[in-house]
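Q: predicted model, plus sequence, below.
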Amino acid sequence: MGDDYLGYWSVGKIADQKGFSEIYNLENLRLTQLTALDGLGYGIADDITYLPMPVPYLSFFLLPLKYLSRIGLVSSYQIWTFLNLVILIGYLAFFIRKTKIRGNSKIFNLKLIILMLISWPVLFNIICGQVEVFLLVCAGEFIRYSVAKKPLLSGIWLGGMLLKPQLLILVIPLFLIKRSWKMLGGLFVASGLILMASFSLSGFSGFNALLNLWIKQSGGMLLSAPRIMMNWRMVGANINALMNITFGWVVTGLGVILTILAVYILIKKNPSFGSPAWVMTMLGFFSATLAITWHSHSHMAMILIPFLIYASIYKLLPEKIIFLWGTMSQVTYIGLFIINLLVFVLMKIDNTDYTPIVIAFSALITNLIILISTLKIKESQLETLVQCTE
């Protein structure tokens, strides 16, 4: 537990002791993480084969970690987890209250929150000590201000996704095609402020080191674990590894092409900004992004949660689809656990190494189901549904 948080804690420690310009230095990360793990009793202080957990984020987003790193690693992770849960539950309740309509009972809202809290992306985020709660809040505010017809503020909140900029690879071209200049203006204002703040913290050398990390990560040279991602890259990587061939990249390419075709169909719908159809189109876009972007782990799907809550409240998607998204990976995990246990007891064979891969496939499938569901919705149907619930 907390393996990603080890990386966050270590960059905070380096920033506190050496400055933010040093947080992307892999040797600094390696020594800091080895020292921390050795202090927990792992006995690997001299392990020359250890690969450090990098944190290729803009330093603006890492500023709170400078202070959290002044606490011991375990205690810091516990505080981080507690804060994330409080913010997550509080924001989901806030978002539902601001989005809710007449006829939705408190029981309905509570069930909806519980479903999202037990979803695989949230569980994975908490276990790893990841940062997706921040991205979820940005996605939720992006929706709220879009529905309120405030594109500038909506774009500013979208700028928070620079924490993981691969999430913007489809929406920026969309806004350019649609000439959504106010939305883009807000995004660029937020991006400019974040970049300037990050540059003032890390300087030129830090930015250059961050760029090198991005290049290495995209090339698979860092601990990016592509075989347990939730994208088409994962499919190709597993086919290649399991069958010792390179044909997997053909499957990846075909999957990306089909997903982009689905995105083109969404663009053709041309819904009005802030309408229910527009919100569902954005849900489809982000689902597609998670499938085609080169670095996409299951916890990143937390950005879909505000969209799914909106869709559930206004009955824009079948409840069984939303329930499937929230539970499929957990059910798959439990099923695999039982099967692996039986195989081990009866045949003394350990198949648990394949569990993360199967879970990754289930995560990709559930998001593709969401994407396909958004393709089937017609704007006239959405407007009728919203009018019936209000």
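A: Thanks, I have the structure now.
Q: so residue 59 sits against residue 198, correct?
A: Yes: contact criterion C-beta atoms under 8 Å: residue 59 and residue 198 qualify, at 4.7 Å. All C-beta spots, glycine's among them, are computed from the backbone N, C-alpha and C.
Q: who has more neighbours, the two?
A: Per other C-beta atoms under 10 Å, whichever of residue 59 and residue 198 has more neighbours is residue 59, with 27 against 22.
Q: residues contacting that one?
A: When contacts are counted by C-beta atoms under 8 Å, 6 or more residues apart in numbering, residue 59 is found next to 15, 20, 23, 197, 198, 201, 202, 206, 210.
Q: and for residue 13, the neighbour number?
A: By the measure other C-beta under 10 Å, the count of residues near residue 13 is 24.
Q: find the nearest non-adjacent residue to it, please.
A: Excluding the flanking residues, the one nearest residue 13 by C-beta to C-beta, 6 or more residues apart in numbering is residue 69, at 4.1 Å.
Q: what about that neighbour, distance to residue 9?
A: Residue 69 is 5 Å from residue 9, where distance means C-beta to C-beta, to the nearest Å.
Q: find residues that contact each of those two.
A: Joint contacts of residue 69 and residue 9 (C-beta under 8 Å, 6+ apart) are residue 76.
Q: which stretches of the protein have low pLDDT?
A: By pLDDT under 70, the low-scoring segments of the chain are 45, 101-104, 217-223, 378-390.
Q: sorry, back to before: look at residue 69 and residue 9 and report which has more neighbours.
A: A count of neighbours by other C-beta under 10 Å puts residue 9 above the other of residue 69 and residue 9, at 27 against 23.
Q: now do the contacts for the more buried one.
A: Per C-beta under 8 Å, 6+ apart, neighbours of residue 9: 36, 65, 68, 69, 73, 76, 77.
Q: go again using 6 Å as the cut-off
A: Shown in contact with residue 9 (C-beta atoms under 6 Å, 6 or more residues apart in numbering): 69, 73, 76.
Q: how far does the helix or strand encompassing it sit from its chain's centre?
A: In this structure, residue 9 is located in helix 3-18 according to DSSP states H and E. Remark: helix 3-18 is offset 20 Å from the chain centroid, using C-alpha atoms, centre = their mean, to the nearest Å.
Q: moving C-terminal of that helix, what's the next helix or strand?
A: helix 26-39.
Q: so what does that following helix touch, helix or strand wise?
A: Judged by 3 or more C-beta pairs under 6 Å, 6 or more residues apart in numbering; DSSP states H and E, the packing partners of helix 26-39 are helix 3-18.
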